[in-house]
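**Q** just coords:
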């Protein structure tokens, strides 16, 4: 029995090490590539030049802005819809689930082809209507609302899953009725009772959306907006080391965010237990 | 206690309440009046409409037709958050992210009561429900009984005119249930708050309520004091639903009498058209005594503390339950030959099954 356990443990270690290598090797190789310049030896130039690199702050700023807008929009859509489904269970629940999961099975290239055609055809067909200005406005390169709308659709499956599992852990009808009998309006029920009890799943949904927007390349590239990932790819042609350094940093930032999120969740639980 | 500042209880009246869910009729013209300060239990089997009626007072459900009057004013169109009715739910309903104190202070906070006042009121209410030191605890750190006490304090925090209790004890252990049952009664009497209490547990209803309304299929069968309900049930359904009842086959003999188990007893209330009926007899009205020549046999004996319940088979094979003082039941074991007599009370009869 003991031998079996030892063998199982060895296997676990082996599989873990293999998985670790699978992740670590490309990262270490990338890091070495950024700091080891032939002829110059080890240098941190690729990292020190990031902030001053032309287009870096613009690209990152645009992506963060898009992420913030997408998070607000997708949560504003999904939270009330899922709460409504919990309060009045019926067929609507499965319709929403299918709608929210659908973007997972639509290839991004098909999705962007559709959006592209609409954005191109719209102005042509609607040039004599007030909608023409709207079509131009959603493609404003300082804040392309078209991307926010596209990212909102892409984020739906992740946000839905995260919030749905959060709502499963909360007795929405009873808490709602309890709050209503304490004099709370519907808005107060949402803000004072439901949202605070969905904190970790809201944070999870927001984080997944942020990660999605910071990493999305296809749609932004085809619609010709210079977001952060598009900038990284563009820069990789002329300044490969800088581009890899930025990629590594963005990966690191994403991980740190994930770590902060999960430790915040654990801390809240521990604090509550202590109290 | 400053809670004496509680508003006087309001009178509540259901008038011809009707509610259907698809083809199911939950309430079928319910008429019922609850006096100010009264504790009324709505009792009935599952699906009888008792919870639906309660939820209509809370504003969580609306009648298809009829009125819900509080102090004479129809509240059917008033939103739930403006009804001035505190409610305790069957399932644990405390807000998980708030401490016990903040749960109790939730209503006052919504009503913009200042922080010091609402904290003082929450602490006072927590002390009143027996949790003076648990204010800083979160719901998951409290037992089920404690959570329901906090929920009760929360329901009282806004000094509602009506207190609604939707089977608040059904999820609790038997011992906790008994204690809390007494405490709710005491609190309700002290505060004088009109209380509607939904339960399917007849013992709970009989022990706590000033009056008990028995519902069946969305209609009121009888509304009376517990004693009246037990001893003078208006219908066969109430007679059988409240307390334990034997159904013993009998035969109507005319002149308002029925022959049952070799005795002739006066009949109470309506008499079915058929001659052959079931006679409804309480176990305590069945007298059993040891008799070597007796034609009845004891089948089982259940010790219940001060009383003992015997299951006795009559000569014609009909089984009856009999409750005896435990001392009288001594020596009556399974198989014992006994004589069975029925108390000479008027009895209620029902159509034979």
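**A** Alright, I've got the coordinates. Worth saying up front: this structure is predicted, and the values here are computed from it rather than measured.
**Q** Only C-alpha atoms from now on, for both contacts and neighbour counts.
**A** Fine.
**Q** Those residues of chain B touching chain A, which are they?
**A** B:58, B:60, B:80-89, B:91, B:93-97, B:106-107, B:110-111, B:136-138, B:141, B:154-155, B:158 (C-alpha under 8 Å from any C-alpha of the partner chain).
**Q** taking those one by one, which sit in helices?
**A** B:58, B:106, B:107, B:110, B:154, B:155 (DSSP state H).
**Q** Among those residues, name the buried ones.
**A** B:58, B:106, B:107, B:154, B:155 (16 or more other C-alpha atoms under 10 Å in any protein chain shown).
**Q** In contact with the fourth one, which residues?
**A** When you say that, I think you mean residue B:154. Under the criterion of C-alpha atoms under 8 Å, 6 or more residues apart in numbering or on different chains, the neighbours of residue B:154 are A:182, B:86, B:103, B:104, B:105, B:106, B:107, B:122.
**Q** Grab the nearest non-local neighbour of the residue of the stretch 201-350 of chain B found nearest chain A.
**A** Nearest residue of the stretch 201-350 of chain B to chain A: residue B:201, at 21.8 Å (C-alpha to the nearest C-alpha). Residue nearest to residue B:201 in three dimensions, not counting chain neighbours: residue B:43, with 7.4 Å by C-alpha to C-alpha, 6 or more residues apart in numbering or on different chains.
**Q** tally of neighbours for that neighbour?
**A** Neighbour count of residue B:43, defined by other C-alpha atoms under 10 Å in any protein chain shown: 28.
**Q** Quick check, it in contact with residue B:202.
**A** Yes. Contact status for residue B:43 versus residue B:202: in contact at 6.8 Å, counting by C-alpha atoms under 8 Å.
**Q** from chain A, which residue is nearest to chain B?
**A** For chain A, C-alpha to the nearest C-alpha, closest residue to chain B: residue A:183, 4.0 Å.
**Q** Assign that residue to helix, strand or coil.
**A** Applying DSSP: H, G, I helix; E, B strand; the rest coil to residue A:183 yields a three-state assignment of coil.
**Q** How confident was the prediction at the residue nearest to it when sequence neighbours are not counted?
**A** Nearest residue to residue A:183, sequence neighbours excluded (C-alpha to C-alpha, 6+ apart): residue B:81, at 4.0 Å. pLDDT, residue B:81: 94.
**Q** give the contact list for residue 62.
**A** Answering for chain A, as no chain was given. A:142, A:143, A:227, A:228.
**Q** Please refer instead to chain B.
**A** Neighbours of residue B:62 in contact, by C-alpha under 8 Å, 6+ apart: B:19, B:56, B:76.
**Q** What is the nearest of the residues you listed to chain A?
**A** Closest to chain A, out of all of the contacts of residue B:62 and judged by C-alpha to the nearest C-alpha, is residue B:56, at 12.1 Å.
**Q** Hmm, residue B:67 and the closest one touching each other?
**A** No. Taking C-alpha under 8 Å as the definition, residue B:56 is not a contact partner of residue B:67, at 9.5 Å.
**Q** More neighbours: these two, which one.
**A** Neighbour totals were compared for residue B:56 and residue B:67, and residue B:67 leads with 23 against 20 (other C-alpha under 10 Å).
**Q** next one: phi and psi at the more buried one?
**A** phi -130, psi 150 (degrees, to the nearest 10).
**Q** still on that earlier bit, out of the residues of chain B next to chain A, which sit inside strands?
**A** Judged by DSSP state E, strands contain the following of these: B:85, B:86, B:87, B:88.
**Q** May I ask which of the residues you listed has the most neighbours?
**A** Counting neighbours by other C-alpha under 10 Å, residue B:87 leads those with 31 neighbours.
**Q** mind listing what the nearest residue to residue B:176 once chain neighbours are set aside touches?
**A** Among residues not flanking residue B:176 along the chain, residue B:145 sits closest, at 6.3 Å (C-alpha to C-alpha, 6+ apart). Residues near residue B:145 by C-alpha under 8 Å, 6+ apart: B:172, B:176, B:177, B:180.
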